[in-house]
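Participant: fold the following and give me the result.
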Amino acid sequence: MTLTPHPDTAAIALHCAVITVSDTRTRDTDRSGQLIRLLLQDAGHHIMAHSLVRDEPVLIQTELEQLSQQAELDAVIVNGGTGIAPRDTTYDAIATLLEKTLPGFGELFRWLSYQEIGSRAIASRAIAGVFRQKLVFSVPGSVGAVTLAMQTLILPELRHLVTQMRTESH
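Facilitator: So this is what the prediction gives:
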């Protein structure tokens, strides 16, 4: 299946931030966060911030709230902490902040994941939405999940979604 970006998307460079949620990763071992940054940069976007946050809801929310104060920021990609283990709290922290959700993101991500990893995909709590005029995507922390989400869902629609989010209704 060939996926193409939304046809009305201009080639604008967006300002993005990356948050890796992990109790064990370091800057050197954060392969997923590094991959997200690389894919965004290869697509012509700017990385404004990249942080590593422990899997604690308050820390995740504080990081998102601080990033949201940057007027030029367009999108935040969060990776890690989306499963159902007791320490996986990213979904819960982000879901309470979102003003609008994009249910199709999580639904499609799980459907695509199912095609790759089978029934284990049901444990993914990937989510996306809008928080303070910033797009927020939260994906599992594995390199495979990041690659799937970025290449198949996020990058093809990122510019269009930001444009739609910032368009005034008349």
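Participant: what's the spacing between Ser124 and Pro57?
Facilitator: Distance of Ser124 to Pro57, given as CB to CB, to the nearest Å: 18 Å. C-betas here are computed from N, CA, C, even on glycine.
Participant: okay, those two: which has more neighbours?
Facilitator: Using other CB atoms under 10 Å as the criterion, Ser124 and Pro57 rank with Ser124 on top: 22 against 15.
Participant: ok, that one touching Thr82?
Facilitator: Yes: using CB atoms under 8 Å, Ser124 is in contact with Thr82, at 5.9 Å.
Participant: what residues are shared contacts of the two?
Facilitator: Pro140 (CB atoms under 8 Å, 6 or more residues apart in numbering).
Participant: for this protein, what spans make up the strands?
Facilitator: Here the chain has its strands, by DSSP state E, at 15-21, 46-53, 75-79, 100-101, 127-131, 134-139.
Participant: by contact count, what packs against the first one?
Facilitator: With contacts defined as 3 or more CB pairs under 8 Å, 6 or more residues apart in numbering; DSSP states H and E, the secondary structure elements packing on strand 15-21 are helix 31-42, strand 46-53, helix 57-68, strand 75-79.
Participant: residue contacts, the nearest residue to Leu135 once chain neighbours are set aside?
Facilitator: Nearest in space to Leu135, with sequence neighbours left out and distances taken as CB to CB, 6 or more residues apart in numbering, is Ala75 at 4.1 Å. Counting by CB under 8 Å, 6+ apart, Ala75 makes contact with 14-17, 134-137, 158, 162.
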